[in-house]
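1. Could you work out the structure for the sequence below:
(one chain, ligands or ions: 1)
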Amino acid sequence: MYEIFQNPYARELAEKYRPIWALHKSMALLGWDLETYMPKLGAEERGFADAQLELMLQEKITSPDFLSLLDKLERSEGLNDYERGLARVLRRNTKVYTKLPPTFVQQLASITNQASVSWREAKKASDFSKFKPDLEKIVNMMREMANYLGYEEHPYNALLDLHEEGITVKDLDGIFSAIAPSLKKTLDRIISEGYFTRRSKLEEERYNDDDMRAAEWEILKRLGYDENRFRVDVSPHPFTTSIGLNDVRITTRRKGYDFKDTFFSILHEGGHALYELQIDPALAYTPLAGGVSSGVHESQSRFMENMIARTREFVEGVLPLLSSHLDFLKKYDSEEVFVYFAHVSPNPIRVEADEVTYNFHILLRYELEKELMANEIKVDELPELWNEEMEKYLGIRPKSDAEGVLQDIHWSGGLGGFPAYTIGNVIAAQARYHAMNDIKDLYDKVSKLELNEVKAWLREKIHKWGSTYSPRELLSKSFGEGLDPSYLTSYIDQKYR
Ligand code: MG
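-> So this is what the prediction gives:
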């Protein structure tokens, strides 16, 4: 057991972590069930069960015994990479519980709960004023939280680090100022050429669920997904969850027409799942047995979704297989299907955005969050600022609050989560460049749906390590460089030429 840990404190911590692992995974399973099969009226008791499990988890992870072992591990000399990773991850896990007063945590839980209700009502009525009072409380609490957690240079850094380890305002300012002008130029060119902006009749083609499910599974099996370790279900918002190294689950949504919606959900979540499925079994039951951050996780989903599947080569390989289940596809050639997949058009809604415009949605949210945290703008001004920014970046103006500032649920839970999406896009493009260098004729293989080599490459570079290395360490170890946004801009520019 635990041959990765030699240090006695690391071994003891790993031993003590096992019930914590079990609680985490039980909560993951309950969360999965809540989104998929739970009867509606189960919500109240489920909420109670969740809160109890959360309390048990907190109690274990903040027990004096556990924390003192962690101190000892941190003070030990000559730790190997896994032991250093263990100390790093556990310190991060305990940070919120040890730095925030319990009354603050309770208060935040209750206000975010309330805010998710008022957000729903506000969005339905498309009326920001119904959400505003709760959002004001949340923003105030986020500033307080930054003070409790501590930060350098900018209060937003405290929140960013919770979501994406080590990322700062300085990093993000650098990334966005590097990608925004170039993406804007590419977008203007795509719009003036009109090739990728035309609507495809494929958007209206209807499918039935059974055919689509059969097509998806045939593709997943061809790509090597194993039914004995992986499953697909349906939920309103597609997601991935890991119940264990050999039980990774994704969901999709099937709306009956416009099949690219479910097709790319499957590939996106399939990319997240592959990360979890390819983690080294030696990390099992430890806190290292999971993807390292939301940004790195998102890079794996974007890699599979955009760099592999949203390409001419993949379409060529997958079309015969899709057509054998979806009759309507027999009327279309592969270029038409590719243009349908790679469609570009400024859209006020983030979750419907394409590869070219997506990062502008994140930039807008990032700027507003940063200014809120620095007390430079007021919650009051958000709807108008949102619309102005949207017009500046994408040349469109949301017609309502529902289409603008109220579109995402995220702010009802706090701030700081959005930038990970752009970090994911940046790392995905970086991974693509290095994969093309390391794997001979990568895209030739993609056109034959032969992904074994690229999967093995991803396993070696990223997946197998789980959370052993911080995102920064992982990038430098695997690619010999830090976050570099220039790969993203040149990839997008080339793809849309
Ligand atoms: Mg994702």
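
2. okay, CA-based contacts and neighbour counts for the rest of this
-> Fine.

3. Touching, residue 493 and residue 186? I think so.
-> Yes: if you go by Cα atoms under 8 Å, residue 493 and residue 186 touch, sitting 6.0 Å apart.

4. Which one's more surrounded, these two?
-> Relative neighbour count places residue 186 above the other of residue 493 and residue 186, with 21 against 18, counting by other Cα atoms under 10 Å.

5. can you pull the contacts of the more buried one?
-> Neighbour list for residue 186: 356, 492, 493, 496 [criterion: Cα atoms under 8 Å, 6 or more residues apart in numbering].

6. Quick one, which of those are buried?
-> When the contacts of residue 186 are checked for burial by 16 or more other Cα atoms under 10 Å, the buried set is 356, 492, 493.

7. Now do the strands in the chain.
-> Assigned by DSSP state E, the chain shows strands spanning 230-234, 240-244, 247-252.

8. Direction included, what does the last one pair against?
-> Meaning strand 247-252. strand 230-234 (parallel), strand 240-244 (antiparallel) (DSSP bridges).

9. So which of those strands is the most surrounded?
-> Most buried of the strands paired with strand 247-252, by mean neighbour count (mean count of other Cα atoms under 10 Å): strand 240-244, with a mean of 20.

10. which residues sit against that one?
-> For strand 240-244, the external contacting residues (Cα under 8 Å, 6+ apart) are 25-26, 28-29, 32, 248-251, 269-270, 272-273, 276.

11. Likewise for stretch 296-306?
-> For stretch 296-306, contacts defined as Cα under 8 Å, 6+ apart pick out 264, 267-272, 274-275, 291, 355, 420-421, 423-429, 431-432, 471.

12. Which members of those residues occur in helices, if any?
-> Under the assignment DSSP state H, those contribute 264, 267-272, 274-275, 420-421, 423-429, 431-432, 471 to helices.

13. Now the two most distant members of the contacts of strand 240-244.
-> 26 and 270 (21.8 Å; Cα to Cα).

14. Same drill for those two, tell me which one is more crowded.
-> residue 270 (29 against 15).

15. so how far is residue 302 from that one?
-> Residue 270 is 10 Å from residue 302, where distance means Cα to Cα, to the nearest Å.

16. what's the answer for residue 226, then?
-> From residue 226 to residue 302 the distance is 21 Å (Cα to Cα).

17. Alpha carbons of stretch 162-178, in PDB - could you do that?
-> Output of stretch 162-178 as PDB, limited to C-alpha atoms (Å, rounded to 0.1, in the frame of the first residue of the first chain):
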ATOM      1  CA  LEU A 162      -9.000  28.900  -4.700                       C
ATOM      2  CA  HIS A 163     -10.200  28.100  -8.200                       C
ATOM      3  CA  GLU A 164      -7.000  27.900 -10.100                       C
ATOM      4  CA  GLU A 165      -3.900  27.300  -8.000                       C
ATOM      5  CA  GLY A 166      -1.300  30.000  -8.400                       C
ATOM      6  CA  ILE A 167      -3.100  32.100 -10.900                       C
ATOM      7  CA  THR A 168      -3.000  35.900 -10.400                       C
ATOM      8  CA  VAL A 169      -4.500  39.100 -11.800                       C
ATOM      9  CA  LYS A 170      -1.100  39.700 -13.300                       C
ATOM     10  CA  ASP A 171      -1.100  36.400 -15.200                       C
ATOM     11  CA  LEU A 172      -4.600  36.900 -16.500                       C
ATOM     12  CA  ASP A 173      -4.000  40.500 -17.500                       C
ATOM     13  CA  GLY A 174      -1.100  39.200 -19.600                       C
ATOM     14  CA  ILE A 175      -3.100  36.400 -21.100                       C
ATOM     15  CA  PHE A 176      -6.100  38.500 -22.100                       C
ATOM     16  CA  SER A 177      -4.100  41.400 -23.400                       C
ATOM     17  CA  ALA A 178      -2.200  38.900 -25.600                       C
END
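
18. got the contact list for the closest residue in space to residue 347 that isn't next to it in sequence?
-> Residue nearest to residue 347 in three dimensions, not counting chain neighbours: residue 353, with 6.1 Å by Cα to Cα, 6 or more residues apart in numbering. Residue 353 is in contact with 344, 345, 346, 347, counting by Cα under 8 Å, 6+ apart.

19. Which one of those residues is nearest to residue 108?
-> After measuring the contacts of residue 353 against residue 108 - Cα to Cα - the closest member comes out as residue 347, at 32.8 Å.

20. and the closest one, what does it touch?
-> Residue 347 makes contact with 353, 394, 396, according to Cα under 8 Å, 6+ apart.

21. can you tell me how far the first one sits from residue 438?
-> When Cα to Cα is the yardstick, residue 353 and residue 438 sit 31 Å from each other.

22. same question, the second one
-> Counting by Cα to Cα, the gap between residue 394 and residue 438 amounts to 36 Å.

23. so where's the longest helix in this protein?
-> Max-length helix for the chain by DSSP H is helix 8-36.

24. Give me the helices and strands touching that one, please.
-> Judged by 3 or more Cα pairs under 8 Å, 6 or more residues apart in numbering; DSSP states H and E, helix 8-36 is in contact with helix 43-61, helix 64-75, strand 240-244.

25. Name the residues of that helix that are buried.
-> 9-11, 13-14, 16-17, 20-21, 23-25, 27-30, 32, 34-35.
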